[in-house]
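> Prediction below, plus the sequence it came from.
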Amino acid sequence: MNSQAPIDISVTLGPTLPTWPGSMGVQVQSLQTIGPDSDANVSRLDMDVHTGTHLDAPLHFVADGADTTSLSLTTLVGSCRVVSIPNTDTITRELLERYVGHDVPNRLLLRTDNSRTQWYEKPFQQSFTALAADAAEWLVDNQVEVIGIDYLSIQRYADSPATHQILLRNQVVILEGIYLGNVEPGTYQLVCLPLKVQGLEGVPCRAVLYQN
């Protein structure tokens, strides 16, 4: 067992967390409160599955794609590399070639300008940094199995769904909504555990890193 403290790269779900336009956000309702009528506190949590730190499965952009129960824990737990790509809002194939290099890991987390601020405490920003379609093609060409990005989407706000489609059609797992402001570039052990829910195209998860 790893005795080091984990680095939590998940964001906290709460009513002020930014969400994709049109999302219902995070809503918590108390159903029971300890008192004369109840021995327990019981709450209801409502949100869409792409809220906060979450994983995308092929079903998100592939009509007959696999749901999130297909995501293998073997893929989601293991060595990963955090790479910093600063000063851009569009990560291209050329930038991945420059910053990742020839030693391409199976699991790759991208720390971008999104993590310069605690984005999870601010309103939704349309100008977040994300991947262009040619970057998605590069990831597939280099057999990356997990790609993580430090905002709510792997593709830019105004882009077509091509980035998602390229990755998900090729079984690349997308980890979105992480925060890497406290993580230096380097190699870590990733532990990313999704909720086990049938029939979903995306699912919330808890993701942590351990120092190697």
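Everything's here; your move. Numbering: from 1, shown residues only.
> residue ranges for the helices of this protein, please.
Residue ranges of the helices in the chain, as given by DSSP state H, are 73-76, 93-100, 133-141, 162-169.
> Of all these, which one is nearest D64?
Shortest distance between D64 and those, using CB to CB, is found for helix 162-169: 10.9 Å. To be clear about C-beta, it is placed using only N, CA and C from the backbone, and glycine gets the same treatment.
> distance of the spatially most central residue of the chain from P36?
Closest to where the C-alpha atoms of the chain average out (CA atoms, centre = their mean) is E176, at 1.9 Å. Going from E176 to P36 by CB to CB, to the nearest Å gives 44 Å.
> Wait, the residue nearest to the centre of the chain touches I149, no?
Yes: between E176 and I149 there is a contact under CB atoms under 8 Å: 5.8 Å.
> Can you pull out the low-pLDDT segments for this protein?
1-2 (pLDDT under 70).
> quick one, strands of this structure?
In the chain, the segments counted as strands under DSSP state E are 7-8, 27-32, 42-46, 54-56, 77-84, 90-91, 107-111, 130-131, 146-149, 173-176, 186-194, 202-211.
> Just put those in CSV and tack on distance to W119.
Shown next, in CSV, are these (distance: least, CB to CB, whole Å):
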stretch, distance to W119
strand 7-8, 15
strand 27-32, 21
strand 42-46, 22
strand 54-56, 15
strand 77-84, 16
strand 90-91, 16
strand 107-111, 12
strand 130-131, 12
strand 146-149, 11
strand 173-176, 12
strand 186-194, 19
strand 202-211, 16
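> D159 is nearest to which of those strands?
Across the strands of the chain, D159 has its closest neighbour in strand 130-131 (7.7 Å, CB to CB).
> Mind giving me the packing neighbours of the closest one?
strand 90-91, strand 146-149 (3 or more CB pairs under 8 Å, 6 or more residues apart in numbering; DSSP states H and E).
> thinking in terms of the whole chain, how far from its middle is that strand?
How far strand 130-131 lies from its chain's middle: 12 Å, per CA atoms, centre = their mean, to the nearest Å.
> residues making contact with that strand?
89-91, 147, 149, 151, 153-157, 159, 163 (CB atoms under 8 Å, 6 or more residues apart in numbering).
> nearest to T117, of those residues?
Using CB to CB, the contacts of strand 130-131 come closest to T117 at Y151, 11.0 Å.
> contacting residues around that closest one?
Y151 makes contact with 112, 114, 119, 125, 128-130, 176-177, according to CB under 8 Å, 6+ apart.
> separation between the closest residue to G177 other than its chain neighbours and P194?
What sits nearest to G177 in space, not counting adjacent residues and going by CB to CB, 6 or more residues apart in numbering, is T53, at 4.3 Å. Note on T53: its distance to P194, by CB to CB, is 10 Å.
> okay, and the common contacts of the two?
Contacts common to T53 and P194, judged by CB under 8 Å, 6+ apart, are 204-205.
> Dump the C-alpha coordinates for stretch 132-148 into CSV.
Extracted in CSV, the C-alpha atoms of stretch 132-148 (Å, rounded to 0.1, in the frame of the first residue of the first chain):
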residue,chain,number,x,y,z
ALA,A,132,-8.0,20.7,-31.3
ALA,A,133,-9.1,17.7,-33.4
ASP,A,134,-5.5,17.1,-34.7
ALA,A,135,-4.3,16.8,-31.1
ALA,A,136,-7.0,14.0,-30.6
GLU,A,137,-5.6,12.3,-33.7
TRP,A,138,-2.1,12.5,-32.2
LEU,A,139,-3.3,10.9,-29.0
VAL,A,140,-4.9,8.0,-30.9
ASP,A,141,-1.8,7.6,-33.1
ASN,A,142,0.3,7.3,-30.0
GLN,A,143,-2.0,4.8,-28.3
VAL,A,144,-2.8,7.0,-25.3
GLU,A,145,-5.5,5.3,-23.2
VAL,A,146,-6.5,8.0,-20.8
ILE,A,147,-6.4,11.8,-21.5
GLY,A,148,-7.2,14.3,-18.7
